[in-house]
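*Asks:* need the 3D shape of this:
(one chain, ligands or ions: 1)
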Amino acid sequence: MLDTVSSADRPAVGAGPAPESAAAPRRRPGIRVSNASVTYRNGLTALKSASFEVPHGSIAALVGVNGSGKSTLFKAIMGFAPLSEGRIEILGTSVAEALRANAVAYVPQSEEVDWNFPVLVEDVVMMGRYGKMGFFRRPSKADHAAVAEALSRVAMADYRKRQIGELSGGQKKRVFLARALAQDGRVILLDEPFTGVDVGTEDAIVNLLRELAAEGRVMLVSTHNLGSVPEFCDYTVLLKRTVLASGPTREVFTRANLETAFGGVLRHFDLAVGDNAGATGILTDDERPFVVFPDPDPGTDVEAADIRSAPSAGPKDAGGAR
Ligand SMILES: Nc1ncnc2c1ncn2[C@@H]1O[C@H](COP(=O)(O)OP(=O)(O)OP(=O)(O)O)[C@@H](O)[C@H]1O
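*Replies:* As a prediction, the model looks like this:
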């Protein structure tokens, strides 16, 4: 039986996880990955001894270069890729039990979907209800109501009779988010939800994810959009065939950790400001950049912010692009 979430489990959205003290009860993990390894049939170990936790009611970024194992981790959480060692727990149960309870929803990358397949928007969202239907998959009133509510939550109710292939990239993403909502997924895995979407749609998706976190759901978001991670992800998991670092974003999402995770792949500019010895750093792997301001008080956390576009002044080289 999957456990339920009380409001006591929920963090203040956007405020990051509450600090834990000896007196405070430990927040229950939504996803707990312990020493998990995945080896494909061709002998490649795509994930080695990965361990991390993401608590109830939070949004976690899954960040790493192409081939670092993000999709492999998603497949393991969805039960498609068996573990050669270790364990994954979802809402305190095994993967198999979480899948039986229909607790894990997946929002795919656009490339994974055949957009020529003739299917209506409302039919795609109805797929989220299949796990709750009988053998003949005849939708009940409740199923139709759940689909309508999910579509209106992502502002796509007017498109329900449209062919999915006719929609824009951002609209398609919202439809697949609606499918996850119709399923009532308590754990939602989102694969590159911001690729190819405009800023308005990205903001709409982020706001929705915040609402879902406030409802106690757990989101794991694979993204190359580094600039948006500190903005809306409470937790970060840095992946490079294993977990390099994981925990609250403000602790994990540091320049040093990002450089380790991305190595030479990450573009890195330092903007020297006048004679200021400290320099503003911009880290990007080509989507929205992540900006690191000089630390006014060395020894404390690095201050970070995101920008939506490159600064108008060109980068003054203090290390240059790598
Ligand atoms: N079915 C498979 N069989 C064998 N190797 C695989 C399989 N799927 C993925 N791999 C390999 O596992 C490694 C990790 O791939 P994965 O798709 O998990 O990376 P990723 O971080 O999701 O990459 P991207 O950012 O490009 O989506 C890669 O070297 C990939 O070639």
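*Asks:* tell me, how many residues neighbour the closest residue to residue 28 other than its chain neighbours?
*Replies:* For residue 28, ignoring the flanking residues on the chain, the nearest one in space by Cβ to Cβ, 6 or more residues apart in numbering is residue 56 at 5.5 Å. For the C-beta atoms, the positions are set from N, CA and C on the backbone; glycine is no exception. The number of residues packed around residue 56, counting by other Cβ atoms under 10 Å, is 25.
*Asks:* same thing with residue 138?
*Replies:* Residue crowding around residue 138 was assessed by other Cβ under 10 Å; the count is 8.
*Asks:* gap between residue 102 and the ligand?
*Replies:* Here residue 102 is placed at a distance of 24 Å from the ligand (Cβ to the nearest ligand atom, to the nearest Å).
*Asks:* give me phi/psi at the nearest residue to that residue once chain neighbours are set aside?
*Replies:* Leaving aside its sequence neighbours, residue 102 sits nearest to residue 131 (Cβ to Cβ, 6+ apart; 3.7 Å). Torsion angles at residue 131 (phi, psi; degrees, to the nearest 10) stand at phi -60, psi -20.
*Asks:* same question for residue 38.
*Replies:* Phi and psi for residue 38, reported as degrees, to the nearest 10, are phi -130, psi 120.
*Asks:* ok, now how distant is the residue nearest to it when sequence neighbours are not counted from residue 104?
*Replies:* With sequence-adjacent residues excluded and distances taken as Cβ to Cβ, 6+ apart, residue 38 is closest to residue 47, at 4.3 Å. Applying Cβ to Cβ, to the nearest Å, the value for residue 47 to residue 104 is 17 Å.
*Asks:* can you check residue 196 too?
*Replies:* For residue 196, the distance to residue 104 (Cβ to Cβ) stands at 24 Å.
*Asks:* those two: who's more crowded?
*Replies:* Just comparing residue 196 and residue 104: by other Cβ under 10 Å the higher neighbour count belongs to residue 104, 24 against 15.
*Asks:* show me the residues around the more buried one that make contact.
*Replies:* Residue 104 sits next to 77, 78, 90, 98, 185, 186, 187, 188, 189 when contact means Cβ atoms under 8 Å, 6 or more residues apart in numbering.
*Asks:* would CSV of those with distance to the ligand be doable?
*Replies:* CSV is the format used below for the contacts of residue 104 (distance: Cβ to the nearest ligand atom, whole Å):
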residue, distance to the ligand
77, 12
78, 13
90, 19
98, 20
185, 20
186, 23
187, 18
188, 17
189, 12
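*Asks:* check the residues you listed and tell me the two furthest apart.
*Replies:* Maximum pairwise distance among those (Cβ to Cβ): 13.6 Å, between 78 and 186.
*Asks:* looking at the two, which is more packed in?
*Replies:* Each of residue 78 and residue 186 had its neighbours counted (other Cβ under 10 Å), and the higher figure belongs to residue 186 (24 against 18).
*Asks:* where do the helices sit along this structure?
*Replies:* Using DSSP state H, the helices found in the chain span residues 70-77, 95-100, 121-126, 141-153, 169-183, 199-214, 229-232, 249-252, 255-262.
*Asks:* lowest-confidence stretch among those?
*Replies:* Within those, the stretch with the lowest mean pLDDT is helix 255-262, showing a mean of 84.
*Asks:* would you mind listing what in the stretch 1-150 of the chain touches the ligand?
*Replies:* Residues of the stretch 1-150 of the chain lying close to the ligand (Cβ under 6 Å from any ligand atom) are 40, 42, 44, 46, 64, 66, 67, 68, 69, 70, 71, 72.
*Asks:* which residues touch the first one?
*Replies:* Read it as residue 40. Taking Cβ under 8 Å, 6+ apart as the definition of contact, the neighbours of residue 40 are 46, 81.
*Asks:* numbering from 29 from now on, please.
*Replies:* Right, with 29 as the first residue, what we last looked at is residue 68.
*Asks:* which residue, other than its chain neighbours, is closest to residue 280?
*Replies:* Counting by Cβ to Cβ, 6+ apart, the nearest residue to residue 280 once its immediate chain neighbours are dropped is residue 264, at 4.4 Å.
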